[in-house]
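Engineer: how would this look folded up:
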Amino acid sequence: MEADCMNVVEMKNITMRFPGVLANDRVDFSVKKGEIHALVGENGAGKTTLMNVLYGLYQPVEGEIYINGERMIFSSALNAIQAGIGMVHQHFMLIPRLTIAENIVLGQEPSKNKLVLDRKKAAENVEKIFQQYKFKLDPWEKVRDISLGSKQKVEIAKALYRKADILILDEPTAVLTPQEIDELGLILKHLKEIGKSVIIITHKLKEVMAFSDRITVLRAGRVVETVQPRTRTRTASPMPWSDATSIWSAPEKK
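Structural biologist: Now for the predicted structure:
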């Protein structure tokens, strides 16, 4: 079995069970290179569970995962990171007392004599990431002193520092101001332009229509359909996903 060569991610027949709950029921999901793909549905639809499977936090009961056409078995998030996958969780996993640079290099720190963190080198390495991806952040600033939008950028930079080509964002606009949402949109556009693939987990119609190239709708752990936005209309209020698909084009043929 081979994945479509256009797909950097191919998840086939993914089934994930918890006691008394079938969270994902034979789900097929794919992402193309240089694509922003929204994974949408109401709370409990199985969106985050599916992405936790892709990120190696859960091991599925059934199903197969292919990355760039190669079958992968992830027993941990480390395996997924090594395969070029990064995930920014809804609740940020940063250490407030450390600097931005120290948070980003954590676990892959440059050192002096293999013993002591080389803070200057860490800041230089992180500054290169910021320049490459057009992030306006100060590597020396403490994380406790920055905004939520900046913390999200730090999390994204942390994944990119680990050479992620596939980036998963879980409810990325939930804690952002309107200005920060616009800034996130510019970041996603740039990532797409340089060939990165982005998966957005969300239930907000506005960001789906503004950011996405394709949309996969989940309901009760199953894929309802995969569609393309018909328009880029900005609708401020969320819409129940059982009603939302009428504004999109017909499902893609699989």
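
Engineer: The nearest residue to residue 133 once chain neighbours are set aside: how many residues sit nearby?
Structural biologist: Leaving out its chain neighbours, the residue that sits closest to residue 133 by C-beta to C-beta, 6 or more residues apart in numbering is residue 160, at 6.1 Å. C-betas here are computed from N, CA, C, even on glycine. With neighbours defined by other C-beta atoms under 10 Å, the count for residue 160 comes to 20.

Engineer: What's the per-residue pLDDT of residue 160 here?
Structural biologist: Looking at residue 160, its pLDDT reads 96.

Engineer: Just to be sure, it is in a helix?
Structural biologist: Yes: Residue 160 forms part of a helix when assessed by DSSP: H, G, I helix; E, B strand; the rest coil.

Engineer: my guess is it contacts residue 85, does it?
Structural biologist: No: with contacts counted by C-beta atoms under 8 Å, residue 160 stays clear of residue 85, the gap being 11.9 Å.

Engineer: quick one: the strands in the stretch 51-200 of the chain?
Structural biologist: Assigned by DSSP state E, counting those that start in this stretch, the stretch 51-200 of the chain shows strands spanning 62-67, 70-72, 85-88, 111-112, 116-117, 166-170, 197-202.

Engineer: looking at the ones you listed, which one has the lowest mean pLDDT?
Structural biologist: Across those, the stretch with the lowest average pLDDT is strand 111-112; it has a mean of 76.

Engineer: contacting residues around it?
Structural biologist: Applying C-beta atoms under 8 Å, 6 or more residues apart in numbering, the set of residues contacting strand 111-112 from outside is 117-118.

Engineer: May I have the strands that pair with that strand, each with its orientation?
Structural biologist: Strand 111-112 has the following strand partners under DSSP bridges: strand 116-117 (antiparallel).

Engineer: And the partner strand, how far out from the chain middle?
Structural biologist: Taking C-alpha atoms, centre = their mean, to the nearest Å, the mean C-alpha location of strand 116-117 is offset from the chain mean by 30 Å.

Engineer: same deal with stretch 177-192?
Structural biologist: With C-alpha atoms, centre = their mean as the basis, the distance from the averaged C-alpha position of stretch 177-192 to the chain average is 14 Å.

Engineer: List the contacts of it.
Structural biologist: Here stretch 177-192 makes contact (C-beta under 8 Å, 6+ apart) with 34-36, 133-135, 147-149, 152-153, 156, 167, 172-173, 176, 198, 207, 210-211, 213.

Engineer: Restricted to helices, list those residues.
Structural biologist: The subset of those located in helices under the criterion DSSP state H comprises 133, 148-149, 152-153, 156, 207, 210-211.

Engineer: can you give me the helices for the stretch 1-150 of the chain?
Structural biologist: In order along the chain, the stretch 1-150 of the chain carries the following helices (DSSP state H, counting those that start in this stretch): 47-54, 77-82, 100-105, 119-133, 148-161.

Engineer: who wins for proximity to residue 93 among the ones you listed?
Structural biologist: When the helices of the stretch 1-150 of the chain are compared by C-beta to C-beta, helix 148-161 sits nearest residue 93, at 7.3 Å.
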